[in-house]
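Visitor: sequence unavailable; structure follows:
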């Protein structure tokens, strides 16, 4: 079945086709751009159950969602996530086209084969440096399990993409080494500008390595050719007509005009934008609907989501200009 018009449309006529679902806020890494120094983990009883999440996903796919990405925290830290991915396969006849996951890669060596067998279509793996000492400083964890996990994922046939957040004074020296490494391993690579999503709100614009900064470094070794950009957030560049990289430049060149994404936290709050200051609490309604799955309740939930999605702001600049406090950080919302 092919989805046509989407129910999930905002006031700027942007249809939402992609859904990110955080299944846990917990993570074994402590990346400063994501995790506060002293995180307060959600209580397990406050997490949306996988049964309720499946019901939510079914509703969203019926309304036009075509891609679901499982995120965290670190999603592989939540027991049952592999089975949940397997369950989501039942939504493909309804219009779901892709099931993905974003992970830090630490547990991939253990779970890669199970994820492949469950039907996962692709993996985004966070890797901000190839230098072991630098990696430990950034994450408070070890690099080797991540590299082993990436190798295992490739061996079982999972499509792998590397995401690298660049921060001035911390890992800007990794641009060329990561390109050389990813190209040799035939892995897709995306550089991401440092965004104001850190847990302790210490973000400053001078810490951003911009898209132009990245291109300037790349131009010392490669010929660059800009590729056509669709609804994807990354602008793509072909290096020496051989290898393609992506750059997500939310700060210096926002892509908000074509954004087709919405996000759900592990405790059941829907966010119509990665930078939204207020979410829509859905867990109570999802729990009621799970216990009593009738058409009227489902329609009420659908209308509530539609109204919230409609209110989505024009983009990052419009939200950030208001300087409103934000109660949620990246480790709770996912990528």
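Guide: Cool, the structure landed. This structure is a prediction, so every number in the text was calculated from the model and none was measured.
Visitor: which ones are touching residue 317?
Guide: By CB atoms under 8 Å, 6 or more residues apart in numbering, residue 317 lies in contact with 254, 256. In this view, the C-beta of every residue, glycine as well, is placed from N, C-alpha and C.
Visitor: show me the shaky parts of the stretch 1-150 of the chain.
Guide: In the predicted model, the stretch 1-150 of the chain carries pLDDT under 70 at residues 1-4.
Visitor: please repeat the previous calculation with a cut-off of 50.
Guide: 1-2 (pLDDT under 50).
Visitor: show me where it has its helices.
Guide: Taking DSSP state H, counting those that start in this stretch as the test, the helices found in the stretch 1-150 of the chain are 50-62, 81-88, 108-118, 132-139, 144-155.
Visitor: now these in JSON lines, with mean neighbour count and distance to residue 172?
Guide: Shown next, in JSON lines, are those (neighbours: other CB atoms under 10 Å; distance: least, CB to CB, whole Å):
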{"stretch": "helix 50-62", "mean neighbour count": "20", "distance to residue 172": "38"}
{"stretch": "helix 81-88", "mean neighbour count": "19", "distance to residue 172": "33"}
{"stretch": "helix 108-118", "mean neighbour count": "19", "distance to residue 172": "26"}
{"stretch": "helix 132-139", "mean neighbour count": "16", "distance to residue 172": "11"}
{"stretch": "helix 144-155", "mean neighbour count": "18", "distance to residue 172": "20"}
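Visitor: contacts only, for the residue lying closest to residue 181 once chain neighbours are set aside.
Guide: Sequence neighbours aside, residue 130 is the residue nearest to residue 181 in space, at 5.8 Å (criterion: CB to CB, 6 or more residues apart in numbering). Residues near residue 130 by CB under 8 Å, 6+ apart: 143, 174, 177, 178, 181.
Visitor: for this structure, which helix is longest?
Guide: Ranked by residue count, the top helix of the chain under DSSP state H comes out as helix 295-310.
Visitor: so which residues of this structure form strands?
Guide: Counting by DSSP state E, the chain has strands at residues 18-22, 67-71, 98-103, 122-126, 159-166, 188-193, 224-226, 235-239, 243-248, 261-264, 269-271, 280-281.
Visitor: count of neighbours near the closest residue to residue 259 other than its chain neighbours?
Guide: Spatial nearest neighbour of residue 259, chain neighbours left out: residue 14 (5.9 Å); criterion: CB to CB, 6+ apart. Using other CB atoms under 10 Å, residue 14 is surrounded by 21 other residues.
Visitor: hmm, residue 261 and residue 14 touching each other?
Guide: No. Residue 14 is beyond contact range of residue 261, at 9.4 Å (criterion: CB atoms under 8 Å).
Visitor: picking that back up, now render the helices of the stretch 1-150 of the chain as CSV, adding distance to residue 210.
Guide: Formatted as CSV, those follow (distance: least, CB to CB, whole Å):
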stretch, distance to residue 210
helix 50-62, 34
helix 81-88, 35
helix 108-118, 31
helix 132-139, 20
helix 144-155, 26
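Visitor: among those, which is nearest residue 251?
Guide: Nearest to residue 251, of all the helices of the stretch 1-150 of the chain, is helix 132-139, at 19.3 Å by CB to CB.
Visitor: what's that closest one in contact with?
Guide: 29-32, 104, 128-129, 141-144, 146, 170-171, 174.
Visitor: tell me the buried residues within those.
Guide: Among those, those classed as buried by 16 or more other CB atoms under 10 Å are 29-32, 104, 128-129, 141, 143, 146, 170-171, 174.
Visitor: residue 23: which of those residues is nearest?
Guide: Nearest to residue 23 out of the buried ones among the contacts of helix 132-139 is residue 104 (CB to CB; 13.9 Å).
Visitor: who's in contact with the closest one?
Guide: Contact partners of residue 104, counting by CB under 8 Å, 6+ apart, are 27, 28, 29, 74, 125, 126, 139, 146.
Visitor: can you do 7 Å?
Guide: Residue 104 makes contacts with 27, 29, 74, 126, 146, as judged by CB atoms under 7 Å, 6 or more residues apart in numbering.
Visitor: number of residues surrounding the first one?
Guide: Other residues within reach of residue 27 by the criterion other CB under 10 Å amount to 23.
Visitor: can I assume it is in contact with residue 35?
Guide: Yes. If you go by CB atoms under 7 Å, residue 27 and residue 35 touch, sitting 6.3 Å apart.
Visitor: tally of neighbours for residue 262?
Guide: 26.
Visitor: distance check, it against residue 24.
Guide: Using CB to CB, to the nearest Å, we find residue 262 at a distance of 19 Å from residue 24.
Visitor: now residue 167
Guide: Using CB to CB, residue 167 is found at 25 Å from residue 24.
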